Each structure stands twice: as C-alpha cells, then as structure tokens.
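Peer 1: structure, please.
(2 chains)
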Amino acid sequence: EVQLVESGGGLVQPGGSLRLSCAASGFIFNSFWMSWVRQAPGKGLEWVANIKQDGSGKYYVDSMKGRFTISRDNAKNSLYLQMNSLRAEDTAVYYCAREAPVAILDYWGQGTLVTVSS
Amino acid sequence: DIQMTQSPSSLSASVGDRVTITCRASQSISTYLNWYQQKPGKAPKVLIYAASSLQSGVPSRFSGSGSGTDFTLTISSLQPEDFATYYCQQGYSTPGSFGQGTKVEIK
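Peer 2: Take a look at the predicted model:
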C-alpha cells in the first residue's frame, strides 16, 4: 500500500525557516517524480515544486523560487521542502504527492500545517 | 505560466442531477488535464487523468472530455458522496497549475 506521511509543520515567526519531510513507502520511490502542493486555509490548491527521480531536475512556482528548496534522499525514501524567509501568506497545509507520468498526482499524504505568525 | 480557469466557482444541485464543470487553459495543453475531488479536511483524490481516462476505482458516473484549451467534468447522476470541491490541473508544463476549484453543494 502506497503511503506518504508528512511531518515538520508547526508555528514559525515571519522571516523564519522550516523543513518539511515526507516519508514514502509501498512503492519504488526512486522511480517517481515527487511534488509538494499547498493549500492556504479556505483556499484552493497551489503546486509548490517538484523533483525528478534522481534529483537532477527541480521546478518551482515563481513566487517560491529562491525561498523554497525541494530535495530528496532516495536511500531513505524521503522527500523534503526547506522553506526560508517565511511570510504570513505561506500559511497553509502542505501536501506531498507522488507524480505519475504526465503530472498525475495519484497519491497524496495527509498534509502538515505550517502557520507563519508572530 | 499556464493559467487554469474553472466555472462555475460553486453550484447547488440535488441528488440525481447531472452536473457539468468546465475548465479553460490559457494556452493549448492537448489532453494533459486531470481532475481531482477534495472533501473537507482530506487530501485531494484524482478522478480523471489525460482529460478523459477514469482513474481506477472511480465510479463510472464521472467522465471527462475536451482537448486543447477547453475541458469538461461531468457527473451523470449526483450522489450524496459527491458533494465536494473539484479541481482541474494541467500537466502540460511543470510544475503544473490548478484551477481555482468548483464547490458542489446540496440544493
């Protein structure tokens, strides 16, 4: 059974940093692109970033370039999102998702809440 | 960047109704279009991929159509468990982008 379990969310002050993790199991992790998608409270879905199977390709939504870094450790079946210079508008539930061919997000984690507030 | 626009933003319907949601891309995306259903407090779930292919396990009352810039998600006979928010998402360029969502509510 495919499982994705996010962790690392919490309350952080504006300008602070946070590192999210996603532990994957039940599939061959290094065979799939992986993505982070976020959802601000009461709002829609926003794709944050994705990363190729071997980590050689990384893509970000423009508004997060330079502040967020996606990475993966295939030996640990884990996906990460390093978030720096956090702003109030980054407050959201962050989901990790497995990306099937042609950008189909076929499995999602339960999400981890990040709250940016003083 | 490719912008995705859904309509309507919300709709009210009754059990048994036929429901249609549209999604328009700001440029041609061929058939690289996926549909998701999200219920409150839950992660999204893929319903339709590649514009018209039904994801395994999804009821056949859900269908998708379209290509290029205009796409449609249809629920042929709305069931109580279908009241949710629906999102389209383009897979033509990475990372993809979502529509703003369509909330389907009980009439």
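Peer 1: enumerate the residues of chain A near chain B.
Peer 2: Residues of chain A that fall close to chain B, judged by CB under 8 Å from any CB of the partner chain: A:35, A:44-50, A:59-62, A:95, A:100, A:102-106, A:108-111. All C-beta atoms are positioned from the backbone trio N, CA, C, and that covers glycine.
Peer 1: pretty sure B:Gly66 contacts B:Leu33?
Peer 2: Yes: the pair B:Gly66 and B:Leu33 qualifies as a contact (CB atoms under 8 Å) at a distance of 6.8 Å.
Peer 1: list the residues that contact the residue of chain B found nearest chain A.
Peer 2: Per CB to the nearest CB, B:Gly91 is where chain B lies closest to chain A, at 3.0 Å. Neighbour list for B:Gly91: A:102-104, B:29, B:32-34 [criterion: CB atoms under 8 Å, 6 or more residues apart in numbering or on different chains].
Peer 1: go again using 6 Å as the cut-off
Peer 2: A:102-103, B:32 (CB atoms under 6 Å, 6 or more residues apart in numbering or on different chains).
Peer 1: what about the closest residue to it other than its chain neighbours, neighbour count?
Peer 2: Counting by CB to CB, 6 or more residues apart in numbering or on different chains, A:Ala103 is the residue found nearest to B:Gly91 once chain neighbours are left out, at 3.0 Å. Number of residues near A:Ala103 (other CB atoms under 10 Å in any protein chain shown) recorded here: 22.
Peer 1: for the residue most central in space within chain A, give me its contacts.
Peer 2: With distances taken as CA atoms, centre = their mean, the residue of chain A nearest its centroid is A:Trp36 (3.0 Å). Shown in contact with A:Trp36 (CB under 6 Å, 6+ apart): A:48-49, A:81, A:96.
Peer 1: per-residue confidence for B:Asp1?
Peer 2: pLDDT for B:Asp1: 87.
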